[in-house]
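Engineer: model this:
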Amino acid sequence: MKPFDLQVNGYAGVDFCASELEGKELELACRALDEDGVDGVLATIITDSLDRMEAKLARLVNLREQSALARKMVAGIHIEGPFISPITGYVGAHPKEAVVEASLDGAKRLLDAAGGLTRLFTLAPECDPGMATTRFLSNEGVTVSAGHCDPALDTLNEAIENGLSMVTHFGNGCPVDMPRHDNVLQRFLHFRDHLWFCFIPDGAHVDFVALGNYIDFVGIERSIAVTDAICASRLGSGRYELSGMEIEVDEGGLARKPGSSNLAGSTVTMPRMKKHLSEGLGFSDSEIEQLIDRNPRSAIER
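Structural biologist: Reported below is the predicted structural model:
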C-alpha cells in the first residue's frame, strides 16, 4: 500500500502556502510525510490574489527542484481557488476578498507559474462563464474538481460535459446549515456515476456514520480519501498560519479561523486516517488501499 494524498496544504509545522517558504522547511515537511508512510502528495495552494498565488507557486516549484526528496514526495500541485464562490459558507476559510470569477487569463497565469506541475484544480462551476476555464484546464490534462461552490443541477451537468470530473472534500466547503433536500450535496450525488468523490476521514469534516453512508452510495470505486492536512498536522493545539491567515487548533485537533464555525483544513495524518478508515468505518485493507492509493492516482491520470 503506497498512500497518495491529493490535498496537502502543509505538514509538521510547514505551510506550503507561505509566501516565504524555505527549502529547509519543504525538506522537513517531506521528510515527515515520508516517515508517515506517504508515497506522494499534491501540494495544495489555496485562494489568494492572483499575483501572490503566482509567486507562491513559482517559489514552491523552484524549491522542489532543489531537493531530490521534494521531487519524489511532491508529485504535483493542487490549485484550490481563487475561482470559487464568494458566498459565506461556501467560501469556507478562503479569504473572500481574494475570490475572483474564473478566467482563461487567470488560469493560464497560474498554470505557467506552476511549471507544468498542476494536476488538480478546484473551482466553482457557477463562477466559470461558459465553462471556458473548465474546458481549458481539462484540455491541458488537469483534473478539474468542484469545490466551495453551489451550482444548479444544469450548471453542474454542463461543467461535467466540459471536463469536470471530481468533487473536492465532499460534505464541506458549504454552509453548516442548508435546506434538507435541495442542496449542493444532493446535486453532486445525482452525478455520482460521472465524478470522483474526495472525502476527509478525520471524524470531524464528516461524521463517520454519514461518511460510511456516502461512500456506500457513491461506491468505493469512485471514492477517494484525502487528509486536507495543514501545517498543524503532527502538532498539538495552538495558533498557526494557513496562507497568511491565523488558524486556531483546539485540543481535539479541529482547525478553524478564530470565531468561525467553518473548519480550515485538517490536522489528520495518513497513519491516523488509515486507522479511522479501518476502525471507524470498518474498511478492509484492500478497500483502504483503493481509497488512499489506487483511486487518487487514477483520478489524476490524464
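Engineer: what residues sit buried inside stretch 276-287?
Structural biologist: By 16 or more other C-beta atoms under 10 Å, the buried positions in stretch 276-287 come out as 276-277, 280-281, 283, 287. From N, CA and C alone the C-beta is placed, and that goes for glycine too.
Engineer: for stretch 190-198, same thing?
Structural biologist: 191-192, 195-198.
Engineer: which of those residues lies closest to residue 158?
Structural biologist: For the buried residues of stretch 190-198, the minimum distance to residue 158 (C-beta to C-beta) is 11.3 Å, reached by residue 191.
Engineer: quick one: which of the buried residues of stretch 276-287 sit in helices?
Structural biologist: residue 287 (DSSP state H).
Engineer: compute the first-to-last residue distance for stretch 66-75.
Structural biologist: Stretch 66-75 has an end-to-end distance of 14 Å (C-alpha to C-alpha, to the nearest Å).
Engineer: check the gap between residue 173 and residue 28 for me.
Structural biologist: From residue 173 across to residue 28, the span is 29 Å (C-beta to C-beta, to the nearest Å).
Engineer: redo the buried residues of stretch 190-198 as CSV? Include distance to residue 14 and pLDDT.
Structural biologist: As requested, the buried residues of stretch 190-198 are exported to CSV (distance: C-beta to C-beta, whole Å; pLDDT from 0 to 100):
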residue, distance to residue 14, pLDDT
191, 36, 98
192, 35, 98
195, 31, 98
196, 27, 98
197, 28, 98
198, 22, 98
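Engineer: what's the closest of those to residue 243?
Structural biologist: Closest to residue 243, out of all of the buried residues of stretch 190-198 and judged by C-beta to C-beta, is residue 198, at 19.6 Å.
Engineer: hang on, the earlier thing: show me which of residue 173 and residue 28 is the more surrounded one.
Structural biologist: Between residue 173 and residue 28, residue 173 has the larger neighbour count (other C-beta atoms under 10 Å), namely 28 against 15.
Engineer: wait, that one sits on residue 147?
Structural biologist: Yes - using C-beta atoms under 8 Å, residue 173 is in contact with residue 147, at 5.0 Å.
Engineer: quickly list what's touching both of those two.
Structural biologist: residue 84 (C-beta atoms under 8 Å, 6 or more residues apart in numbering).
Engineer: where does the residue nearest to residue 65 when sequence neighbours are not counted sit: helix, strand or coil?
Structural biologist: Nearest residue to residue 65 in three dimensions, chain neighbours excluded: residue 71, at 7.0 Å (C-beta to C-beta, 6 or more residues apart in numbering). At residue 71 the chain is in helix, as set by DSSP: H, G, I helix; E, B strand; the rest coil.
Engineer: could you check how far residue 71 is from residue 30?
Structural biologist: 9 Å.
Engineer: please apply the same query to residue 125.
Structural biologist: 33 Å.
Engineer: same check, this time on residue 170
Structural biologist: Look at residue 170 and residue 30: by C-beta to C-beta, they are 27 Å apart.
Engineer: residue 132 is in what secondary structure piece?
Structural biologist: helix 132-139 (DSSP states H and E).
Engineer: right, I mislabeled it, should have said residue 6
Structural biologist: Counting by DSSP H and E, residue 6 is part of strand 4-8.
Engineer: can you give the strand pairings for the next helix or strand after that strand, parallel or anti for each?
Structural biologist: Using DSSP H and E, the helix or strand that directly follows strand 4-8 along the chain is strand 10-11. Strands adjacent to strand 10-11 in the sheet, as given by DSSP bridges, are strand 14-15 (antiparallel).
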